[in-house]
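In: Sequence unavailable; structure follows:
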């Protein structure tokens, strides 16, 4: 027969296992505002919802884990939005201030709390004001076509891809310069990038091959995980699991304390 003590222990163990087994989400968006959850083990995408029509033609995503804010760039409205990735509601922050911009790349730098963007019209790297949406040019890469960005928060290095060269680069956030690391060797139209802060991997979607990849940051080589299915995925962001509620943590702590006392 289970005593109250045993029930508390079992409850604590069950909650602890649930907390530890949780994994973050890889969120992707295509140009027609379809929002997906992408399976990091298989590449398969599952539709979450459609983003509100005010966002126009959607592209890059960036996630600020400190505030839980998802940013979204629109290439038709040349503007920055916040995005509720559960409901799909996009809220306008403001225009970039230059209608020539084609801001596909978008990334949050947690080391300086800075939002960066990259535009294919000039190969430029920009900082973006998260209050007004205004974009300020840092410098240009000398590359043409679409560029995408990812920040490795573990090493504080910014990386980028370029779709005309199908290659992987390190990005100088002070000058906007791209330094070649190596060819992706497989993808032929690299797009959204995301850093998984829980497993240390960089993920990438390619909308020519319609695959999900991981990238070797030393060589630039991409390793295919699996098919995302047909579509035009442009944006990618990793969302870690939320911190467990205080009540949940209290139950886990209580269970641990009871086990300790029982052993004594």
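Out: Perfect, thanks for sending it. Keep in mind that this is a model prediction, so the values were computed, not measured.
In: Now do the buried residues in stretch 35-53.
Out: Residues 35, 36, 37, 38, 39, 40, 43, 44, 45, 48, 51 are the ones in stretch 35-53 that count as buried (16 or more other Cβ atoms under 10 Å). To be clear about C-beta, it is placed using only N, CA and C from the backbone, and glycine gets the same treatment.
In: would you turn the residues you listed into JSON lines with secondary structure?
Out: Shown next, in JSON lines, are these (DSSP: H, G, I helix; E, B strand; the rest coil):
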{"residue": "35", "secondary structure": "strand"}
{"residue": "36", "secondary structure": "strand"}
{"residue": "37", "secondary structure": "strand"}
{"residue": "38", "secondary structure": "strand"}
{"residue": "39", "secondary structure": "coil"}
{"residue": "40", "secondary structure": "coil"}
{"residue": "43", "secondary structure": "coil"}
{"residue": "44", "secondary structure": "coil"}
{"residue": "45", "secondary structure": "strand"}
{"residue": "48", "secondary structure": "strand"}
{"residue": "51", "secondary structure": "coil"}
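In: now the helices for the stretch 1-150 of the chain?
Out: With DSSP state H, counting those that start in this stretch, the ranges of helices along the stretch 1-150 of the chain come out as 4-21.
In: how about low-confidence regions in it?
Out: Low-confidence segments of the stretch 1-150 of the chain, defined by pLDDT under 70: 1-22.
In: List the buried residues in stretch 75-83.
Out: Neighbour-count burial for stretch 75-83 [16+ other Cβ under 10 Å]: 75, 77, 78, 79, 80, 81, 82, 83.
In: Pick the one among those residues closest to residue 210.
Out: Closest to residue 210 out of these is residue 75 (20.2 Å), distances taken as Cβ to Cβ.
In: so who does the closest one touch?
Out: Residue 75 makes contact with 31, 56, 57, 58, 59, 102, 103, 104 under the criterion Cβ atoms under 8 Å, 6 or more residues apart in numbering.
In: Now list the buried members of those.
Out: Using 16+ other Cβ under 10 Å, the buried ones in those are 31, 56, 58, 59, 102, 103, 104.
In: quick one: which of those is nearest to residue 94?
Out: Proximity to residue 94 was ranked across the buried ones among the contacts of residue 75 by Cβ to Cβ; first place goes to residue 103, at 12.7 Å.
In: thinking the closest one is in contact with residue 115, fair?
Out: No - using Cβ atoms under 8 Å, residue 103 is not in contact with residue 115; the gap is 10.8 Å.
In: quick revisit: which one of the buried ones among the contacts of residue 75 is nearest residue 138?
Out: Proximity to residue 138 was ranked across the buried ones among the contacts of residue 75 by Cβ to Cβ; first place goes to residue 103, at 13.4 Å.
In: who touches the closest one in this structure?
Out: Residue 103 makes contact with 59, 60, 73, 75, 78, 96, 117, 118, 119, 126, 135 under the criterion Cβ under 8 Å, 6+ apart.
In: what's the distance between residue 108 and residue 71?
Out: To residue 71, residue 108 is 7 Å away according to Cβ to Cβ, to the nearest Å.
In: Now do the shared contacts for these two.
Out: With contacts defined as Cβ under 8 Å, 6+ apart, the residues shared by residue 108 and residue 71 are 62, 63, 64, 115.
In: farthest pair in the residues you listed?
Out: In terms of Cβ to Cβ, those reach their longest pairwise distance at 63 and 115, which sit 10.5 Å apart.
In: Please tabulate the buried ones among the contacts of residue 75 in JSON lines, including the columns distance to residue 208.
Out: Converted to JSON lines, those look like this (distance: Cβ to Cβ, whole Å):
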{"residue": "31", "distance to residue 208": "14"}
{"residue": "56", "distance to residue 208": "23"}
{"residue": "58", "distance to residue 208": "19"}
{"residue": "59", "distance to residue 208": "16"}
{"residue": "102", "distance to residue 208": "18"}
{"residue": "103", "distance to residue 208": "21"}
{"residue": "104", "distance to residue 208": "15"}
